[in-house]
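K.L.:
Next input, structure requested:
(2 chains)
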There are 2 protein chains.
Amino acid sequence: MAKRSATSRKNPRRSPCPISCGLELFGDKWTLLVLRDLMWGKKRYGEFLESPEGIPTNILADRLERLVAGGIVRAEPYQTNPVRHEYLATPAGEALFPILKALAGWGLKHLSGTMTREQVLASQR
Amino acid sequence: MAKRSATSRKNPRRSPCPISCGLELFGDKWTLLVLRDLMWGKKRYGEFLESPEGIPTNILADRLERLVAGGIVRAEPYQTNPVRHEYLATPAGEALFPILKALAGWGLKHLSGTMTREQVLASQR
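P.N.:
This next block holds a predicted model:
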């Protein structure tokens, strides 16, 4: 796959640093939480909205749009009339999952009271 | 070292997810760029301000304060009269560096025109 340019009207590129350019695409808390949800296999609007952090609908719509524009997520229609889309990580997006997993490992080690998704689900049973 | 609570007035905890709690501490572009600078060995106000992304001084001050409050950075005085501080990653902060390096690797692979710091410095010689 060709490398994409991160430059856009919304995300002017401030330097050629790969960390900075990546963060211009997805470097905010809500975007990274949407990526986490994609990693968990969530695909539909309603599923993202159910996550415990309570993402507002307008932010969810904006972040999905940016992720699609940045080549990290693709939208696929799953029904017509009205058209609704599922969101799936592209290969570039999937390549971010190990980084999110490393972040989860960091949080579990350094932040008190954090739990894995499995622990949260088990505690709700 | 004891695990810290990420809960604070500024950063209310939205879920026990270790990714979400970590992002509440440092999940914005400028904070992550300050962490990148710390990884590069930058320590002083003026050094952070020199980075090509052009962090505004008020944002730099706010983000350093949050990182210190979150146990990711410590401030050490290096002069008195007036007191000035150097900023250094704590062990918890240093544990984020491999994650930033992974992010750099992702950007170099997926974002066109990105360059390593060494490549940027070599191109300026």
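K.L.:
Who are the contact partners of the residue nearest the centre of chain A?
P.N.:
Chain A has A:L35 as the residue nearest its centroid, 1.8 Å off, counting by Cα atoms, centre = their mean. A:L35 makes contact with A:F26, A:L67, A:I72, A:A89, A:G93, A:L96, A:F97, A:L100 under the criterion Cβ atoms under 8 Å, 6 or more residues apart in numbering or on different chains. (Glycine included, C-beta is placed from N, CA and C.)
K.L.:
If you rank the residues you listed by neighbours, which is first?
P.N.:
A:I72 (25 neighbours; other Cβ atoms under 10 Å in any protein chain shown).
K.L.:
Backbone dihedrals for that one, both of them.
P.N.:
For A:I72, the backbone dihedrals (degrees, to the nearest 10) come out as phi -100, psi -20.
K.L.:
which ones are touching the nearest residue to it once chain neighbours are set aside?
P.N.:
Spatial nearest neighbour of A:I72, chain neighbours left out: A:G93 (4.0 Å); criterion: Cβ to Cβ, 6 or more residues apart in numbering or on different chains. Contacts for A:G93 (Cβ under 8 Å, 6+ apart) come out as A:L35, A:L38, A:L67, A:I72, A:V73.
K.L.:
so of the residues you listed, which ones are in strands?
P.N.:
A:V73 (DSSP state E).
K.L.:
Closest to A:L121 out of the contacts of A:L35?
P.N.:
Taking Cβ to Cβ as the measure, A:L121 lies nearest A:L100 of the contacts of A:L35, at 18.0 Å.
K.L.:
Let me see the ranges of the helices in chain A.
P.N.:
Along chain A, counting by DSSP state H, helices occupy A:18-26, A:29-39, A:45-49, A:57-69, A:91-94, A:97-110, A:117-124.
K.L.:
Can you read off the pLDDT for the residue nearest to A:I72?
P.N.:
With respect to pLDDT, A:G93 has a value of 97.
K.L.:
do the one 5 residues further on as well
P.N.:
pLDDT for A:P98: 96.
K.L.:
quick one: low-confidence ranges for chain A?
P.N.:
Where chain A drops to pLDDT under 70, the residues are A:1-12.
K.L.:
How about the contacts made by A:K29?
P.N.:
Listed by Cβ under 8 Å, 6+ apart, the contact set of A:K29 reads B:S20, B:L23, B:E24, B:G27, B:D28.
K.L.:
try it again with 6 Å
P.N.:
B:L23, B:G27 (Cβ atoms under 6 Å, 6 or more residues apart in numbering or on different chains).
K.L.:
for stretch A:64-81, the distance to its chain's centre please.
P.N.:
Chain-centre distance of stretch A:64-81: 12 Å, with Cα atoms, centre = their mean, to the nearest Å.
K.L.:
From start to finish, how long is it in a straight line?
P.N.:
Counting by Cα to Cα, to the nearest Å, you get 21 Å between the two ends of stretch A:64-81.
K.L.:
burial of A:R14, as a residue count?
P.N.:
The number of residues packed near A:R14 is 17, by other Cβ under 10 Å.
K.L.:
quick revisit: separation between the residue nearest to the centre of chain A and B:K42?
P.N.:
A:L35 sits 28 Å away from B:K42, going by Cβ to Cβ, to the nearest Å.
K.L.:
go on, A:R13?
P.N.:
21 Å.
K.L.:
next one: A:G46
P.N.:
44 Å.
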